[in-house]
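S.K.: Build me a model from this:
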Amino acid sequence: MMNFVVKTIANAGALAVAVWMLDKITLTGDSTGKKVGTLLLVALLFGLVNILVKPLVKLLSLPLLVLTLGLFTLVVNALMLLLTSWLADKLDLSFHVEGFWTAVVGALIISIVSWALNVVLPDKD
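M.R.: Next up is the predicted model:
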């Protein structure tokens, strides 16, 4: 359970960095507390998308992953971020990613920051 909480907090931090760095990834809210709550909910949603949808997409795109020596993973990650944005919109969460190329850069930022946070944060159950 502790591992799940740590990974969710790492995802929320990575999403916050992407929101801070890119103008076309937006997170709106009345107060800081509301933004933090929305960020945690979006991080949970992003985690669910990565657990449930991403393995299927990677399996179906396996030939492209092999052909591009894994670079197509950036496209898969961007699509997962766009799917998270779409689901957040449907759930009335104030998180939005505007455009595919913004999603590619955002996914790259999220991957790097999430990796760095997972290295620093404890990984125990």
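
S.K.: Could you measure from residue 80 over to residue 53?
M.R.: The gap separating residue 80 from residue 53 is 7 Å, by C-beta to C-beta, to the nearest Å. Heads up, the C-betas are built off the backbone N, CA and C, glycines and all.

S.K.: who has more neighbours, those two?
M.R.: More crowded of residue 80 and residue 53, by other C-beta atoms under 10 Å: residue 80, with 20 against 16.

S.K.: That one sits in which helix or strand?
M.R.: Following DSSP states H and E, one finds residue 80 within helix 72-90.

S.K.: Ok, residue 96 next?
M.R.: strand 95-97.

S.K.: now that strand, how far from the centre of its chain.
M.R.: 11 Å (C-alpha atoms, centre = their mean, to the nearest Å).

S.K.: Also stretch 4-13?
M.R.: 11 Å.

S.K.: quick one: contacts for residue 110?
M.R.: 11, 14, 15, 17, 18, 77, 81 (C-beta atoms under 8 Å, 6 or more residues apart in numbering).

S.K.: Could you check the pLDDT of residue 123?
M.R.: pLDDT, residue 123: 68.

S.K.: Please name the spatially closest residue to residue 98 (chain neighbours excluded).
M.R.: Distances taken as C-beta to C-beta, 6 or more residues apart in numbering put residue 24 closest to residue 98, at 4.1 Å, once the chain neighbours are dropped.

S.K.: who touches the one you found in this structure?
M.R.: 97, 98, 99, 102.

S.K.: among these, which two are most distant?
M.R.: 97 and 99 (7.3 Å; C-beta to C-beta).

S.K.: Compare neighbour counts for these two and give me the winner.
M.R.: For the pair residue 97 and residue 99, the greater number of neighbours falls to residue 97 (24 against 13), based on other C-beta under 10 Å.
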